[in-house]
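Colleague: The following block contains a protein sequence and its predicted model.
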Amino acid sequence: MFNLDRAFFEDQTPKLISSAKRSLQDRQRDIYDSHRHRVYAVAYYMIGNELAAEETLTQTFVRAFQIAEEPDAKTVDAVLMGELRAQLGFDEPAPFMEVTTEGSNGSRNIRRTDLEEAIQQLPPMERLVFLLKDVEGYSTAAIGDFVSLPAADLPRILLSARLRLRSILASGISAKPSFQGDDPSSASAAA
């Protein structure tokens, strides 16, 4: 004979499972959405290439979701750091840059593109610490966890990065001609 209870529960089981899967997918999508901008921004500034940053973003989340169904920010950051270390091959900070007053750009305005180019010239560890602290706003303790360095070393690395950036920008500004007019080509044509 036909069992009504069995038919009812058998029909509902697949719907309940698909509903649970869908909610896991929704939660995973929320995790991705909440971290993707930060992961992409750090990857882009570290690598300097949009396509490579997209690939790093993808690999970071693929590996993070392999580690845990619902990875937290610390897991995502650890995987991102692993990806960056593998691609850029860095572990040690660059030698500390000493403070000098030469080449100071004073109160000149810096174009964003000049700053972005200067950031790309920093040694990888200095670039990463600078980006995490000054661009992304991470705490010193979080950066220490992220890069696996003692928090006491980070202020020195950050200061060195800032000094190196200042030096790079100052040398770039002094090498570029400054024109009073709107178009640099019109200044040379007038001479």
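Modeller: Yep, it's here. Numbering: from 1, shown residues only.
Colleague: Count the neighbours of E69 for me.
Modeller: For E69, the neighbour count with other Cβ atoms under 10 Å is 10. Glycine gets a C-beta too; all of them are placed from N, C-alpha and C.
Colleague: do E50 as well
Modeller: E50, neighbours per other Cβ under 10 Å, totals 11.
Colleague: same check, this time on V62
Modeller: When neighbours are counted by other Cβ under 10 Å, V62 comes out with 10.
Colleague: Repeat that for Q87.
Modeller: Per other Cβ under 10 Å, the neighbour tally for Q87 reads 16.
Colleague: for R112, same thing?
Modeller: 7.
Colleague: now the one 10 residues further on
Modeller: Here the number of neighbours of L122 (other Cβ under 10 Å) works out to 23.
Colleague: now do D72
Modeller: 12.
Colleague: next one: H37
Modeller: Neighbour number of H37 under other Cβ under 10 Å is 11.
Colleague: That one: which element?
Modeller: Secondary structure from DSSP states H and E places H37 in helix 4-47.
Colleague: and after that helix, which helix or strand comes next?
Modeller: Helix 4-47 is succeeded, C-terminally, by helix 50-67 (DSSP H and E).
Colleague: pLDDT averaged over that next one - what is it?
Modeller: Per-region confidence: helix 50-67 scores 95 on mean pLDDT.
Colleague: helices and strands around that helix, which ones?
Modeller: helix 4-47, helix 73-88 (3 or more Cβ pairs under 8 Å, 6 or more residues apart in numbering; DSSP states H and E).
Colleague: Worst mean pLDDT among those?
Modeller: helix 4-47 (a mean of 76).
Colleague: so who does the closest residue to A41 other than its chain neighbours touch?
Modeller: Once flanking residues are discounted, A41 sits nearest to E136: 6.9 Å by Cβ to Cβ, 6 or more residues apart in numbering. Counting by Cβ atoms under 8 Å, 6 or more residues apart in numbering, E136 touches 38, 41-42.
Colleague: and with 10 Å instead?
Modeller: E136 makes contact with 37-38, 41-42, 45, 130, 142-143, according to Cβ atoms under 10 Å, 6 or more residues apart in numbering.
Colleague: Can I get these in a markdown table including distance to E70?
Modeller: Output for the contacts of E136, formatted as a markdown table (distance: Cβ to Cβ, whole Å):
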| residue | distance to E70 |
| --- | --- |
| H37 | 19 |
| R38 | 17 |
| A41 | 22 |
| V42 | 21 |
| Y45 | 27 |
| F130 | 31 |
| A142 | 20 |
| I143 | 24 |
